[in-house]
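# what's the 3D shape of this:
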Amino acid sequence: MTTRTEKSLAVVGAYVAGASHMEIRKRFHVSSETLAKILNEFGVPPRIKKLAECEELEIVAEYVSSGGQSRALAKKFGISPRTVYKLLQKHGQEKLHYRCDDYQTVAPKAIEMYGNGRGISQTKIMELLKISPSFLWKIFKEAGVETFHCRTKFFDFDVFDRMSPEVAYHAGFGYADGCTSGNYYTIAIQERDVDVLQDFCATVGADPAFIKTLDLHSKNPNHSNQVCMNLCHKNLPLSLAKWGVIKNKTYNYSDVEIADELLPHYLRGWIDGDGCIYAPEYLDQGKWCMTLSCYHQEKLRFFKTSLERLGFSRHIGIYVYEDKNLLKVAGKKSVTELSRVLKAEDGFCMQRKWGKILVGQ
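Numbering: from 1, shown residues only. Just a heads-up that it's a prediction; the model follows:
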């Protein structure tokens with residue numbers, strides 16, 4: 001195991017060898033503040049790139065000829081965009097903005113390339129058309145083009161406003177395992193359950209290629225690898241809130257109203273996200289059970305009343321266990337009836353949880 005001191009020494013060694021700040025941050029998983037702190041602790045002076053007068057003039061000249069490509073220049077000369085702007089000020093060169101003749105020629109091409117977020121990236125457009133970010137954003141603003149900063153946003157933006165069993169299932173799963181922040185919605189689960197995210201992509205119309213694998217096992221053998229998926233759109237916060245998926249939902253509770261025909265799928269998704277089904281083949285049938293833990297007891301009461309509303313007639317217990325609230329359905333007959341009420345056989349579900357029950361029915 002690498003100690004903190006060994007990691008700090010490795011960071012310093014990489015910096016002294018000439019690695020950039022960005023390369024070091026990515027390789028050693030440290031922030032800019034941590035990097036600066038480590039260098040300061042070891043007495044390593046900051047590396048300042050000094051440019052000759054001829055290089056400064058060359059940068060300014062290329063800036064003008066390229067139409068304001070500050071980012072490309074910064075990358076070419078190994079400096080930051082901020083340094084480029086300082087050089088412009090030093091040599092009396094104003095920051096370039098688009099010219100009308102350029103706008104009339106370039107704007108239609110940029111809009112067509114972007115394709116409302118489904119074409120090529122903004123970075124590629126700037127590179128191909130040799131325009132600056134401010135030029136491109138001005139084009140989009142005046143044309144009313146909505147820009148996308150997260151490339152996983154290629155999906156049905158109104159999907160969670162649609163009332164279908166498939167959407168209800170994944171809304172229930174999100175109620176358990178989803179996370180919202182601003183316009184972003186994230187799901188991260190164990191790699192063995194990747195089929196859930198694949199079905200999620202099919203439901204929301206997203207490309208499965210955007211499912212990312214997080215390699216946690218190689219860093220810590222006690223951890224399993226995870227797969228995750230990000231969506232981003234301004235419609236998501238309100239759409240998800242209708243299903244109870246809100247910011248800090250673990251600690252915040254909001255009432256949810258779901259139609260009876262969608263409720264079985266919603267609750268099944270909730271169990272797949274947060275529940276545990278224990279169905280041993282060779283032990284006492286009384287050992288079979290489904291448990292669901294939650295911070296808020298109100299959520300478990302909602303789950304219980306929802307099951308009863310659907311006609312589930314067997315006992316549902318709610319208990320306080322250590323610092324959590326626990327809902328439990330015990331016994332083979334009870335768990336089997338639960339799978340029938342929640343229509344596990346008719347819709348998508350985690351086979352590792354429901355498989356033994358469905359085979360025995």
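
# for the stretch 201-350 of the chain, what spans make up the helices?
Under the criterion DSSP state H, counting those that start in this stretch, helices of the stretch 201-350 of the chain are mapped to 236-241, 263-274, 297-309, 332-341.

# list the helices and strands the third one packs on?
I take that to be helix 297-309. helix 263-274, strand 289-294, strand 317-321, strand 324-330 (3 or more Cβ pairs under 8 Å, 6 or more residues apart in numbering; DSSP states H and E). C-beta here means a position set from N, CA and C on the backbone, and glycine is covered the same way.

# The closest residue to Lys109 other than its chain neighbours and Asn220, how far apart?
Nearest residue to Lys109, sequence neighbours excluded (Cβ to Cβ, 6 or more residues apart in numbering): Leu129, at 6.3 Å. Here the criterion is Cβ to Cβ, to the nearest Å. By it, Leu129 lies 46 Å from Asn220.

# Strands along the stretch 101-250 of the chain, start to end?
With DSSP state E, counting those that start in this stretch as the criterion, the stretch 101-250 of the chain has strands at 178-181, 184-190, 212-214, 226-232.

# Of the helices and strands packed on helix 297-309, flag the one that's most buried.
Stretch with highest mean neighbour count among the helices and strands packed on helix 297-309: helix 263-274 (a mean of 25; mean count of other Cβ atoms under 10 Å).

# How far does that helix sit from its chain's centre?
On the basis of Cα atoms, centre = their mean, to the nearest Å, helix 263-274 sits 21 Å off its chain's mean C-alpha point.

# what is the orientation angle of it with strand 184-190?
Using axes from the mean of the first three to the mean of the last three Cα atoms, to 10 degrees, the direction of helix 263-274 lies 60 degrees away from that of strand 184-190.

# about what we covered before: with mean pLDDT and distance to Phe173 as extra columns, can I get the helices and strands packed on helix 297-309 in CSV?
Below are those laid out as CSV (pLDDT from 0 to 100; distance: least, Cβ to Cβ, whole Å):
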stretch, mean pLDDT, distance to Phe173
helix 263-274, 91, 4
strand 289-294, 86, 13
strand 317-321, 85, 22
strand 324-330, 87, 17
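
# The ones you listed into JSON lines, with extra columns for distance to Lys76?
Shown next, in JSON lines, are the helices and strands packed on helix 297-309 (distance: least, Cβ to Cβ, whole Å):
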{"stretch": "helix 263-274", "distance to Lys76": "48"}
{"stretch": "strand 289-294", "distance to Lys76": "54"}
{"stretch": "strand 317-321", "distance to Lys76": "61"}
{"stretch": "strand 324-330", "distance to Lys76": "56"}
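
# picking that back up, pick the most buried one from the helices of the stretch 201-350 of the chain.
Of the helices of the stretch 201-350 of the chain, helix 263-274 is the most buried (mean count of other Cβ under 10 Å), at a mean of 25.

# and Val145, how many neighbours does it have?
18 (other Cβ atoms under 10 Å).

# My guess is it contacts Ile111. True?
Yes: using Cβ atoms under 8 Å, Val145 is in contact with Ile111, at 6.0 Å.

# shared neighbours of the two, which are they?
Each of Ile139 lies in contact with both Val145 and Ile111 under the rule Cβ atoms under 8 Å, 6 or more residues apart in numbering.

# which ones are touching the closest residue to Cys276 other than its chain neighbours?
Spatial nearest neighbour of Cys276, excluding adjacent residues (Cβ to Cβ, 6+ apart): Thr291 at 5.0 Å. With contact set as Cβ under 8 Å, 6+ apart, Thr291 has these partners: 275-276, 278, 326-329.

# Output those in a markdown table; the columns should cover distance to Gly43.
Putting these into a markdown table (distance: Cβ to Cβ, whole Å) gives the following:
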| residue | distance to Gly43 |
| --- | --- |
| Gly275 | 54 |
| Cys276 | 53 |
| Tyr278 | 58 |
| Leu326 | 54 |
| Leu327 | 58 |
| Lys328 | 60 |
| Val329 | 63 |
